[in-house]
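Engineer: Sequence plus predicted model, see below.
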Amino acid sequence: MRILYQFPLSHFCEKARWLLDHKELDYVAHNLIPGVHRAFAQLKTGQNRLPILRDQDFWIADSTEIALYLDDVYPEHSLLRADPQQRQLALEINGLATELGRHVRRWGLAHTLTENEESLDILIGEKGYLRQFEKYSKPIIRALLSKGYQLNADKVAESKLHMDSIIQNLNERLIENHGRYFVGERLGLADIAVCSMLAPILEIPGTPWEKEQGETLSEEFRQYKEHLMTLPLGQYVLRIYQTERNARVDWRGV
């Protein structure tokens, strides 16, 4: 059985879930505890980040490496095109999406940890020691995330500037390809990467970031979401999620 070690709220883990779903591969999404995950990841893969895919005896870390591995071992429903130019373009856009995702994570977490207690409930799970001792576990996880992702005001503001620049770049690239997909005429790695990285801002239904009607994190967050939805890029992400995100596994994991 394939196992995807993940954080439910991580958009990089959402990307990995989508890659596996696109390939129509069976797997289990297994949650790790933030902070504690580092020792497990280091032991199994020699680095300390998620997602990690275990496929039989193989351990693959990083969502992009997972994509390359899946295309190599399971070529059906390919994520990258055979054409060298299209392949290179897809990897380039994936790289931009990865950079965008780092800044979305910092900016989004800065809002989430100060204004939305529900996100911590998702992180500690519905049962187990973290839930049993949530009075203590929530402050610890909040502190670990704040330190680990440098959620100070200067870094958050810097990430916002990077987000603006990359979103503008991606929006222009999408328009150049006539707004349907980023590369070619069907869904691929570039599309999955970009959509996953922007899902937390757009609060996509059916994802960990879905909000009830009228609920949002802050006025600044609401305005940025509305701005993104006015762009072709934002409308594209919504459309791709509605028409092409055929989730096979519950993002909440086990």
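Structural biologist: Great, that's in hand.

Engineer: List of residues touching stretch 79-94?
Structural biologist: Outside of stretch 79-94, the residues within contact range by C-beta atoms under 8 Å, 6 or more residues apart in numbering are 19, 22-23, 64, 67-68, 70-71, 170, 173, 182-184, 188-190, 192-194. The way it works is simple: take the backbone N, C-alpha and C, and place the C-beta from them, glycine included.

Engineer: show me what contacts Ala41?
Structural biologist: Counting by C-beta under 8 Å, 6+ apart, Ala41 touches 5, 32, 47-50, 52, 61.

Engineer: How about Val249?
Structural biologist: Counting by C-beta under 8 Å, 6+ apart, the residues that Val249 touches are 17, 20-21, 27-29.

Engineer: one step back: report the buried members of the contacts of stretch 79-94.
Structural biologist: Buried members of the contacts of stretch 79-94, scored by 16 or more other C-beta atoms under 10 Å, are 19, 22-23, 64, 67, 70-71, 170, 173, 182-184, 188-190, 192-194.

Engineer: in this protein, which helix or strand is least confident?
Structural biologist: The weakest-scoring helix or strand in the chain, judged by mean pLDDT, DSSP states H and E, is helix 129-132 (a mean of 48).

Engineer: For the closest residue to Asp21 other than its chain neighbours, give me its contacts.
Structural biologist: Nearest non-adjacent residue to Asp21, counting by C-beta to C-beta, 6 or more residues apart in numbering: Arg248, 4.8 Å away. By C-beta under 8 Å, 6+ apart, the contact set of Arg248 is 20-21, 24, 26.

Engineer: Give me the buried positions along stretch 33-51.
Structural biologist: In stretch 33-51, counting by 16+ other C-beta under 10 Å, buried: 33-34, 37-38, 41, 45, 50-51.

Engineer: and the end-to-end length of it?
Structural biologist: Length of stretch 33-51, first residue to last, C-alpha to C-alpha, to the nearest Å: 12 Å.

Engineer: would a markdown table of the contacts of Val249 with distance to Leu80 and neighbour count be doable?
Structural biologist: Compiled in a markdown table, the contacts of Val249 are given as follows (distance: C-beta to C-beta, whole Å; neighbours: other C-beta atoms under 10 Å):
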| residue | distance to Leu80 | neighbour count |
| --- | --- | --- |
| Arg17 | 18 | 28 |
| Leu20 | 16 | 24 |
| Asp21 | 17 | 18 |
| Tyr27 | 20 | 19 |
| Val28 | 25 | 13 |
| Ala29 | 24 | 21 |
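
Engineer: mind listing which of the residues you listed are in helices?
Structural biologist: Judged by DSSP state H, helices contain the following of those: 17, 20-21.

Engineer: and which of those residues is nearest Leu109?
Structural biologist: Arg17 (19.3 Å; C-beta to C-beta).

Engineer: Quick check: the closest one touching Asn246?
Structural biologist: No: at 11.2 Å, Arg17 does not count as touching Asn246 under the criterion of C-beta atoms under 8 Å.

Engineer: could you dump the contacts of Val249 to CSV with distance to Arg106 and pLDDT?
Structural biologist: As requested, these are exported to CSV (distance: C-beta to C-beta, whole Å; pLDDT from 0 to 100):
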residue, distance to Arg106, pLDDT
Arg17, 21, 98
Leu20, 26, 98
Asp21, 27, 98
Tyr27, 28, 98
Val28, 29, 97
Ala29, 24, 97
